[in-house]
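# below is the sequence, then the predicted model.
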Amino acid sequence: METGGAALPPDIGNPTPRVVLETNMGRIVMELDRESAPQTVESIVNHVQNQFYNGLIFQRVRPGFMIQAGAFTVDGQMRQSSSPMLPNESDNGLSNVRGTVAMARRDDPNSASTQFFINLVDNTYLDYQPETAETPVRWGYTVFGQVVEGMDVVDAIARVPTQRGTLSEAVPLQPIIIERAYVEGG
């Protein structure tokens with residue numbers, strides 16, 4: 001299934017759009033920061049408006065670290081987006097602290113697509129680190145928002161039993177489903 005194209009224009013008027021994730025464990029509201037991560041927020045809002053995240057699962061749950069979603073259906077199929085990979089916007093002054101939302105990516109710093117994670121604790125080692133005389137730039141993971149309602153739900157998701165699976169090393173035994181994602185007031 002391919003979705004996430006440009007069927008609907010992104011909500012470009014609001015500098016801090018709120019995305020609601022209605023999950024089978026409760027509601028999570030994320031406030032996005034368009035000023036700090038404009039291309040990331042545009043992509044997320046566009047995917048939400050095109051219902052890309054509806055029916056996807058939290059496929060990686062790591063207590064004391066983070067919970068991750070944005071690619072897989074309940075039956076383990078990867079949902080593909082037709083949108084291009086995102087440029088890394090981690091040098092934006094935001095930090096991977098508890099409750100923030102950041103883009104997941106591969107080793108390539110510019111490989112984020114649709115997967116995101118919510119930090120359960122302060123994970124500042126995931127932040128951008130500028131080049132020094134001793135070390136090259138260390139690209140971080142782009143923080144683009146924060147949970148403003150539902151951290152209790154996030155923490156409950158973090159406590160579910162997991163197992164090693166084909167999707168990740170920590171797949172919930174019972175699927176944690178994003179039943180519906182939408183832009184608040186949109």
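Noted; the coordinates are in hand.

# isn't R34 right up against I44?
No. Using C-beta atoms under 8 Å as the test, R34 is too far from I44 to be in contact (10.0 Å). From N, CA and C alone the C-beta is placed, and that goes for glycine too.

# more neighbours, the two?
I44 (29 against 22; other C-beta atoms under 10 Å).

# and the helix or strand where the more buried one lies, what's buried?
Secondary structure from DSSP states H and E places I44 in helix 38-49. By neighbour count on 16 or more other C-beta atoms under 10 Å, the buried set for helix 38-49 is 39-49.

# cool, stretch 176-186 as well?
Of the residues in stretch 176-186, those buried (16+ other C-beta under 10 Å) are 176-178, 181-183.

# among the residues you listed, which are in helices?
The helices, defined by DSSP state H, take in nothing from the buried residues of stretch 176-186.

# how far does stretch 129-146 sit from the chain's center?
Put simply, stretch 129-146 sits 18 Å off its chain's centre (C-alpha atoms, centre = their mean, to the nearest Å).

# element containing the residue of the chain most remote from its centre?
Here the chain reaches farthest from its C-alpha mean at A133, the gap being 32.6 Å by C-alpha atoms, centre = their mean. Following DSSP H and E, there is no helix or strand that holds A133.

# and it, how far from Y125?
21 Å (C-beta to C-beta, to the nearest Å).

# would a markdown table of the buried residues of helix 38-49 with pLDDT be doable?
Converted to a markdown table, these look like this (pLDDT from 0 to 100):
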| residue | pLDDT |
| --- | --- |
| Q39 | 98 |
| T40 | 98 |
| V41 | 98 |
| E42 | 97 |
| S43 | 98 |
| I44 | 98 |
| V45 | 98 |
| N46 | 97 |
| H47 | 98 |
| V48 | 98 |
| Q49 | 97 |
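
# any idea which of those residues is closest to D107?
T40 (18.3 Å; C-beta to C-beta).

# over to Y141. Which of the three states is it?
coil (DSSP: H, G, I helix; E, B strand; the rest coil).

# for it, give me its contacts.
Taking C-beta atoms under 8 Å, 6 or more residues apart in numbering as the criterion, Y141 is in contact with 90, 96, 102-105, 117, 126-127.

# the residue most central in space within the chain pairs with what?
Nearest residue to the geometric centre of the chain (C-alpha atoms, centre = their mean): F116, 1.8 Å. Per DSSP bridges, the residues bridged to F116 are A69, M103.

# that one: what's it in contact with?
44, 68-70, 101-104, 144.

# thinking again about what came up before, chain center to the helix holding I44, what's the gap?
11 Å.

# which strands and helices sit next to that helix?
Taking 3 or more C-beta pairs under 8 Å, 6 or more residues apart in numbering; DSSP states H and E as contact, the helices and strands that helix 38-49 lies on are strand 18-23, strand 26-32, strand 143-149, strand 178-183.

# so V154 is in which element?
helix 151-158.
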